[in-house]
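Trainee: Sequence first, predicted model second:
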Amino acid sequence: MPQAFAVLAAPLPAPPPAAARGTQRTGSEFTPLLRTVKEQGLLERRTGWYVLGITANLLALAAVAVGLVVFGHSWWSLLLAVPLAVLSARAGFFAHDAGHAQIGADKRKDRLIQLLHANLLLGMSQEWWNDKHNRHHANPNHEEKDPDVAPDVLVFSQHQAEGRTGFRGWLARHQAWLFFPLTTLEGLALKVYGFQALFSKDGPRQTRRERLVEGGLLFAHVAGYATLLLTTMSVGQAVVFALIHQMLLGVHLGMAFAPNHKGMEVPDPDGEPWGHLRRQVLTSRNIRGGALTDWFLGGLNYQVEHHLFPNMPRPHLRLAQPLVRAHCRALGIRYTETGFVDSYRQALGHLHQVGEPLRAA
């Protein structure tokens, strides 16, 4: 086996013992933790923090647009695609937080914030994302209920990989190597999925007015994005700029989402149901780091805490972590936290192992 593949296929941490995975104690294991978190005010809104962050990000996006107007016809302007990708990812993180009602107590205002950041700034359907993401939160890593582990371009279990032939089989065999190249398409895929849901009868339930608002903002994003690029640079430069921007955005989002659940515990559909605490903790992985990691990953590096308390404001996740870790230790429940690089080793190692039977065939 080549050395690089050996690294990917390095053994993952051993799963928790059966007692820690499935045995439920009398009463709710989550209630005492929830009570402590509430008593410490960690579920209270941090609207001011979000106002400052959103304002700074919008001003930075405006600065990039001004830069394109000033330098657009120079090939040096392509360098602006890098900060634009980073700032676009920030917009995605704010949309995510608004969708979880983390920003304010008024659902209408949260919806407006999400529409601004998801639909208008990213071209991603708010309703499509909320429907998909809420199902993921309800049943993380459940092969029959979590859309994030449904077989598609990638497969997440050897059962899903069985019978894949041709190009789909080739993808499954090499998906660990292809993961990051495929993430370059994620920014565009989010737009495509949003438009598909908008015109699909099977999409999220919406009133006619909601669908018109969603569609109007999605088309406004495409029109505004194309107008900005085509009026500030040549067609060739605009195409190259858009490709760099969207590819970097996709990689950034992929880096934020990929390590969170891949290779973690998978609920047994026929086994004893897990309570909320075990369902969220055993399927999630945290990433260690400081303020830069928190900023770069939009707080999703506290995946355990985020899944336990989806409406907890992002700046409180770090404060809740010691409480959650201690509570899990007291109950003998495995709490997974690893380094930035090792998180990808584990996630990619899992994808590599899933394709092993197809490579051996």
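Mentor: That came through fine. Numbering: from 1, shown residues only.
Trainee: The residue most central in space within the chain: which element?
Mentor: Compute the mean C-alpha point of the chain, and by CA atoms, centre = their mean the closest residue is residue 257, 3.7 Å away. Element membership for residue 257, per DSSP states H and E: helix 235-257.
Trainee: Check which helices and strands that helix is in contact with.
Mentor: In terms of contacts (3 or more CB pairs under 8 Å, 6 or more residues apart in numbering; DSSP states H and E), helix 235-257 is packed against helix 81-99, helix 175-183, helix 186-199, helix 208-232. From N, CA and C alone the C-beta is placed, and that goes for glycine too.
Trainee: Run the angle between that helix and helix 208-232 for me.
Mentor: Orientation of helix 235-257 against helix 208-232 (axes from the mean of the first three to the mean of the last three CA atoms, to 10 degrees) gives an angle of 130 degrees.
Trainee: C-terminal to helix 235-257, what's the next element?
Mentor: Next element after helix 235-257 (DSSP H and E): helix 276-281.
Trainee: pLDDT weak spots in the stretch 151-300 of the chain?
Mentor: Within the stretch 151-300 of the chain, the segments meeting pLDDT under 70 span 202-204.
Trainee: likewise the stretch 1-150 of the chain?
Mentor: Using pLDDT under 70, the flagged stretches of the stretch 1-150 of the chain are 1-27.
Trainee: check contacts around the residue nearest to the centre of the chain.
Mentor: residue 300 (CB atoms under 8 Å, 6 or more residues apart in numbering).
Trainee: before we move on, what SS does residue 49 have?
Mentor: Assigned state for residue 49: helix (three-state reduction, DSSP: H, G, I helix; E, B strand; the rest coil).
Trainee: residues touching it, list them.
Mentor: Here residue 49 is in contact with 313, 314, 315 (CB under 8 Å, 6+ apart).
Trainee: JSON lines for those, including pLDDT?
Mentor: As requested, the contacts of residue 49 are arranged in JSON lines below (pLDDT from 0 to 100):
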{"residue": "313", "pLDDT": "97"}
{"residue": "314", "pLDDT": "97"}
{"residue": "315", "pLDDT": "97"}
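Trainee: gap between stretch 252-271 and the chain center?
Mentor: 11 Å (CA atoms, centre = their mean, to the nearest Å).
Trainee: Run through the residues that contact residue 60.
Mentor: Taking CB under 8 Å, 6+ apart, one finds 83, 87 in contact with residue 60.
Trainee: For it, give its distance to residue 308.
Mentor: 32 Å (CB to CB, to the nearest Å).
Trainee: and if you look at residue 84?
Mentor: Residue 84 is 33 Å from residue 308, by CB to CB.
Trainee: ok, now residue 53?
Mentor: Using CB to CB, residue 53 is found at 23 Å from residue 308.
Trainee: Between those two, tell me which one has more neighbours.
Mentor: Between residue 53 and residue 308, residue 308 has the larger neighbour count (other CB atoms under 10 Å), namely 24 against 19.
Trainee: ok, now which ones touch the spatially closest residue to that one that is not a sequence neighbour?
Mentor: Distances taken as CB to CB, 6 or more residues apart in numbering put residue 280 closest to residue 308, at 5.0 Å, once the chain neighbours are dropped. Contact analysis of residue 280 by CB under 8 Å, 6+ apart lists 140, 304, 307, 308.
Trainee: How much space separates residue 280 from residue 138?
Mentor: Counting by CB to CB, the gap from residue 280 to residue 138 is 10 Å.
Trainee: now the closest residue to residue 154 other than its chain neighbours: how far from residue 164?
Mentor: Once flanking residues are discounted, residue 154 sits nearest to residue 175: 5.2 Å by CB to CB, 6+ apart. The spacing between residue 175 and residue 164, counted by CB to CB, is 10 Å.
Trainee: hey, what's in contact with both of the two?
Mentor: residue 155.
Trainee: Have a look at these two and say which one is more surrounded.
Mentor: Of the pair residue 175 and residue 164, residue 175 is the one with more neighbours under other CB under 10 Å, namely 21 against 17.
Trainee: Just to check, the more buried one is in contact with residue 356?
Mentor: No - in this structure residue 175 lies outside contact range of residue 356 using CB atoms under 8 Å: 11.1 Å.
Trainee: Check the burial of residue 328 by counting its neighbours.
Mentor: By the measure other CB under 10 Å, the count of residues near residue 328 is 22.
Trainee: Doesn't it lie inside a strand?
Mentor: No - counting by three-state DSSP, one finds residue 328 to be helix, located in no strand.
Trainee: Identify the residues contacting residue 354.
Mentor: Contact partners of residue 354, counting by CB under 8 Å, 6+ apart, are 155, 156, 157, 158, 160, 161, 172, 175.
Trainee: Give me the subset of the contacts of residue 49 lying in helices.
Mentor: Residues of the contacts of residue 49 located in helices (DSSP state H): 314, 315.
Trainee: Please report how far the residue nearest to residue 154 lies from residue 249.
Mentor: For residue 175, the distance to residue 249 - CB to CB - is 21 Å.
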